[in-house]
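Student: All I have is the shape, not the residue letters:
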């Protein structure tokens, strides 16, 4: 979930992506990684609700599993695709590197976003299958309240600020821990429990379980996630402004 250049999730890289990795391999890594991430989120939510009726414990179990799973996935797949697993991270990386030509091309973005979305849907279906739930059942969990949408702006802006801030300061080696930790914290400090990812949001609409989101709430979440990405990039530009050293006489 971090930028492939110079080295997430946003999302979005802990290490530089080798030039030898073909687009097909990178897209496959994004599909598998996003599928695994959604399977962790949805599956741990189902497991938590089966084990306890305490909502706080359910969210704790769900967030803990997500933190651990996301960190592992970034470490594993970062060297292949950059481990974005998130369309806003992919788009943000394209935007920030479009002039230098060092980042993803429009073709790369299309492949990544398609793979991420397909993987997210597949991950939700897989989780439902593992726990004996209907493979596809639209969620009835409405998340359209304004305060939840604000929470998504904050969650996504913070994620983009973190990832691209690490990139600006040459500390992307910390991305697996930093990104996973941020998502775990944002589960608790944002009203929306920090989806911060359009692909994951779409995938979670396919399951009527603890982690689900009603299809009618998806467009609003995706729109404010895009807004959050813009806010995050603006914050990166302000906070991590580079000052050139004065020329010597």
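Tutor: Looks like it came in fine. The model shown is predicted, which means the values in this text are computed figures rather than measured ones.

Student: Where does residue 218 fall, secondary structure wise?
Tutor: Using DSSP states H and E, residue 218 sits within helix 218-239.

Student: buried set for that helix?
Tutor: Neighbour-count burial for helix 218-239, counted by 16 or more other C-beta atoms under 10 Å, picks out 218, 220-222, 224-233, 235-236. All C-beta atoms are positioned from the backbone trio N, CA, C, and that covers glycine.

Student: what's the first-to-last distance across stretch 195-210?
Tutor: 13 Å (C-alpha to C-alpha, to the nearest Å).

Student: List the buried residues in that stretch.
Tutor: Residues of stretch 195-210 classed as buried: 195-210 (neighbour count, 16+ other C-beta under 10 Å).

Student: what does the average pLDDT come to for that stretch?
Tutor: For stretch 195-210, mean pLDDT rounds to 98.

Student: Quick check: what element follows the longest helix along the chain along the chain?
Tutor: Criterion DSSP state H: the longest helix present in the chain is helix 23-51. Reading on from helix 23-51 to the C-terminus, the next helix or strand found by DSSP H and E is helix 55-81.

Student: And that following helix, what does it pack against?
Tutor: Counting contacts by 3 or more C-beta pairs under 8 Å, 6 or more residues apart in numbering; DSSP states H and E, helix 55-81 is packed against helix 23-51, helix 175-189.

Student: Which strands and helices lie in contact with the shortest one?
Tutor: The elements that helix 175-189 packs onto, with contact taken as 3+ C-beta pairs under 8 Å, 6+ apart, are helix 55-81, helix 146-168.

Student: and these as CSV, adding mean neighbour count?
Tutor: Shown next, in CSV, are those (neighbours: other C-beta atoms under 10 Å):
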stretch, mean neighbour count
helix 55-81, 19
helix 146-168, 23
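
Student: Tabulate the ones you listed (CSV), appending distance to residue 128.
Tutor: Output for the helices and strands packed on helix 175-189, formatted as CSV (distance: least, C-beta to C-beta, whole Å):
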stretch, distance to residue 128
helix 55-81, 15
helix 146-168, 23
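
Student: Adding mean pLDDT as columns, could you present those helices in a markdown table?
Tutor: A markdown table is the format used below for those (pLDDT from 0 to 100):
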| stretch | mean pLDDT |
| --- | --- |
| helix 55-81 | 97 |
| helix 146-168 | 97 |
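
Student: Go through these and name the closest to residue 137.
Tutor: Closest to residue 137 of those is helix 55-81 (C-beta to C-beta; 18.7 Å).

Student: Tell me the helix or strand right after that closest one.
Tutor: helix 87-97.

Student: Lovely, talk soon.
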